[in-house]
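Participant: Sharing a sequence plus its predicted fold:
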Amino acid sequence: MEKLAVKYLGLTLKSPLIVSSSRLTSTLGYLKEAEDSGAGAVVLKSLFEEQITQHINTLSSSSGYPEADDYTSFYIKSHSVEEYLNLIRKAKEILSIPVIPSINCFSSEGWTGFAKNIVEAGADALEINVFFLPLDRKKSAAEAEKIYLDLIEKLKKTVRIPIAIKIGYRFSNILNMIDQFYMRKVEGVVMFNRFYEPDINIDKIDIVPASIFSHESERRYVLRWIAMASAQDIKIDISASTGVHSGADAVRYLLAGAHSVQVCSVLYEKGIPFLKQMNRQIETWMDKNGFRTINDFRAKLNYRNYEKPVIYERTQFMKYFSSED
Ligand SMILES: Cc1cc2nc3c(=O)[nH]c(=O)nc-3n(C[C@H](O)[C@H](O)[C@H](O)COP(=O)(O)O)c2cc1C
């Protein structure tokens, strides 16, 4: 077994580093570059639910009233769905690492059957990039969160390959949500997506996108939850995402209990071949610390294995704990 090999979603990855869903996984050229640079797997750029529903609606409504359809929109959208399926097929032909397509969705209605097409195209697993922005103040957290569970139940009825659900961290109880996913036989959870956020430009007095790329300091929102989730008595794989900018960052998430680590922003900044350096950094750290395999140290510092787990429960800066006070 290779030194950096890990198991994720039942697949063997030669490195824990996965190129996460973005433009960097949208073409065969990028995907090949990722494999050549030592990626353990690739998650393809997300296909959007609107694209799928448009595709399905138009396929099922060869109505005889074609002039009623918006052809331009149909062509573009269905074409992109076909292109996506082709990207999966071709990626499977030319790559030896696992190919994980991603569907971005915001409802549990009307599109889940389509996931079968993705499986038929040869996907090794499926990532569901899902976020329902809770806009209705009359809806309770439980009602809002039920949409995720309905979606999973529907998908699990049609999809026979492993599913990972890529979530944000804005749940009232993240560990309970992961438990709910596990009970519905979801194989993996990606913690966490980093969504588009608005910011304000005071010179233009206008809304602008907040920084699109992450900073490594954003690990602070993620690490605790990986350490806690990986300590639960359930079998669900964890893929870390957000703030991985070096091999050292990947090691941190692995020590916290992640099974794999996804990388995006740093590859935009430094190029896909930076993966080689990240793999080398992980290996060098392993050698220095006498670890022969990733399993030798994975989850060593999680909530269950760390000798003072209470550190993960601490959230307030009490004077006693902080030299800054
Ligand atoms: C330009 C860009 C495009 C992205 N597109 C997607 C996408 O289509 N689907 C998805 O699940 N995540 C998408 N993401 C989120 C990344 O996959 C990743 O989860 C996030 O950037 C956090 O990882 P990082 O800190 O390594 O950047 C995108 C991120 C960026 C920066």
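Facilitator: It's in.

Participant: do stretch 209-217 and the ligand meet?
Facilitator: Yes - Stretch 209-217 comes into contact with the ligand (C-beta under 6 Å from any ligand atom), by way of 212, 213, 214. Where C-beta positions appear, they are placed from N, C-alpha and C, glycine not excepted.

Participant: ok, how many other residues are close to the residue nearest to the last one when sequence neighbours are not counted?
Facilitator: Computed as C-beta to C-beta, 6 or more residues apart in numbering, the closest residue to residue 214 that is not its neighbour in sequence is residue 265, at 4.4 Å. Neighbour count for residue 265, taken as other C-beta atoms under 10 Å: 22.

Participant: Going forward, count from 275.
Facilitator: From this message on, residue numbering opens at 275, which makes the last subject residue 539.

Participant: for residue 539, phi and psi?
Facilitator: Phi and psi for residue 539, reported as degrees, to the nearest 10, are phi -50, psi -40.

Participant: residues contacting it?
Facilitator: Applying C-beta atoms under 8 Å, 6 or more residues apart in numbering to residue 539 gives the contacts 487, 488, 519.

Participant: hmm, back to that, when you filter the residues of stretch 483-491 next to the ligand down to buried only, what's left?
Facilitator: Using 16 or more other C-beta atoms under 10 Å as the burial test, the residues of stretch 483-491 next to the ligand include residue 488 as buried.

Participant: Inside helices: which ones of the residues of stretch 483-491 next to the ligand?
Facilitator: Among the residues of stretch 483-491 next to the ligand, DSSP state H puts none in helices.

Participant: ok, the residues of stretch 483-491 next to the ligand vs residue 422, which is closest?
Facilitator: Within these, proximity to residue 422 (C-beta to C-beta) peaks at residue 488, which comes in at 23.4 Å.

Participant: ok, now how distant is the closest one from residue 523?
Facilitator: As judged by C-beta to C-beta, to the nearest Å, residue 488 and residue 523 stand 10 Å apart.

Participant: any common contacting residues for the two?
Facilitator: residue 517.

Participant: Enumerate the residues of the stretch 375-524 of the chain near the ligand.
Facilitator: So the stretch 375-524 of the chain meets the ligand at 376, 378, 403, 440, 467-468, 486-488, 515-518 (C-beta under 6 Å from any ligand atom).

Participant: helices and strands of the protein: which one has the lowest mean pLDDT?
Facilitator: Ranked by mean pLDDT, DSSP states H and E, the helix or strand of the chain with the weakest confidence is helix 323-334, at a mean of 71.

Participant: in the sheet, who's paired with the closest residue to the ligand within the stretch 325-474 of the chain?
Facilitator: Per C-beta to the nearest ligand atom, residue 403 is where the stretch 325-474 of the chain lies closest to the ligand, at 3.4 Å. Per DSSP bridges, the residues bridged to residue 403 are residue 378, residue 440.

Participant: ok, now how distant is it from residue 385?
Facilitator: With C-beta to C-beta as the criterion, residue 403 and residue 385 are 13 Å apart.

Participant: ok, now residue 398?
Facilitator: Remark: distance between residue 398 and residue 385 (C-beta to C-beta) = 21 Å.

Participant: Who has more neighbours out of these two?
Facilitator: Remark: of residue 398 and residue 385, residue 385 carries more neighbours, 24 against 20, as counted by other C-beta under 10 Å.

Participant: OK, contacts around the nearest residue to the more buried one once chain neighbours are set aside?
Facilitator: Distance criterion C-beta to C-beta, 6+ apart; nearest residue to residue 385, sequence neighbours excluded, is residue 326 at 4.4 Å. The neighbours of residue 326, taking C-beta under 8 Å, 6+ apart as the test, are 355, 377, 385, 388.

Participant: Redo these as CSV? Include pLDDT.
Facilitator: Listed next are those as CSV, based on pLDDT from 0 to 100:
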residue, pLDDT
355, 87
377, 93
385, 79
388, 83
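
Participant: out of those, who's nearest residue 463?
Facilitator: residue 377 (15.5 Å).

Participant: isn't the closest one right up against residue 390?
Facilitator: No - applying C-beta atoms under 8 Å, one finds residue 377 not in contact with residue 390, separated by 11.8 Å.
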